[in-house]
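Undergrad: For reference, the sequence and a predicted model appear below.
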Amino acid sequence: MTKLPIAHSYRQADDWTGAYDQVVLRHDQRQLHRARLETAHEENFVVDLPHSVALQPGDALQFDDGRLIEVIAAEEELLVVTGDLARVAWHIGSRQVPCQIETARLLIRVEGSDSDLIAALRELGAKVVPGHEAFIPEVAVPPAALAHPPEHLQVRLHVAHFHGEDDEVEAASE
């Protein structure tokens, strides 16, 4: 029995160079904890990460010997949505459907029978057509992160306002 290489860690896209190989994964497959995968060159390996992670295209899985396997987004069956994107995006988000947001279109993954969603989007005046390409949806902020922001997080707000000609302008302080 051949022992398969094991990836116990991963590196973010901007934190590594020099891939040994690549692994092509759909969006749902990039949510990883433990799995058996196959590289582009048909080498099997095991992923055994300490916790679940949402890998992004360009990230890399790291074998114990230091070799890196680049994560590539697989092409998927998608719906391409155009129209009043702000309204359409709100409705897609209210259903918690993963969505790739671009300047002139939205991409959502086809899930079983999304006929209700498609009908609702078309009722809003959106054009919905099938597509086939890599799916890289926006990363959701976990509700816990919103409820309990890190202590070091500071929000600074400066409201723009107009001064009369005779008023002195104070510099905003940090």
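TA: Structure received. Numbers count the residues shown, from 1 in each chain.

Undergrad: those strands in the chain, which residues are they?
TA: 6-11, 21-25, 31-38, 44-54, 60-63, 68-73, 75-82, 99-101, 106-109, 127-134 (DSSP state E).

Undergrad: out of these, deepest packed?
TA: Of all the strands of the chain, strand 60-63 carries the top mean neighbour count, a mean of 23, counting by mean count of other CB atoms under 10 Å. From N, CA and C alone the C-beta is placed, and that goes for glycine too.

Undergrad: Please name every helix or strand in contact with that one.
TA: strand 6-11, strand 44-54, strand 68-73 (3 or more CB pairs under 8 Å, 6 or more residues apart in numbering; DSSP states H and E).

Undergrad: Please identify which of those is closest to residue 23.
TA: Ranking those by proximity to residue 23 (CB to CB) places strand 68-73 first, at 5.2 Å.

Undergrad: relative orientation of the closest one and strand 31-38 in degrees?
TA: 110 degrees (axes from the mean of the first three to the mean of the last three CA atoms, to 10 degrees).

Undergrad: For strand 68-73, list the C-alpha coordinates in CSV.
TA: Provided in CSV are the C-alpha atoms of strand 68-73 (Å, rounded to 0.1, in the frame of the first residue of the first chain):
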residue,chain,number,x,y,z
LEU,A,68,2.8,23.3,-2.5
ILE,A,69,-0.3,22.4,-4.5
GLU,A,70,-2.0,25.5,-6.0
VAL,A,71,-5.8,25.7,-5.7
ILE,A,72,-7.5,26.5,-9.1
ALA,A,73,-11.2,27.3,-9.4
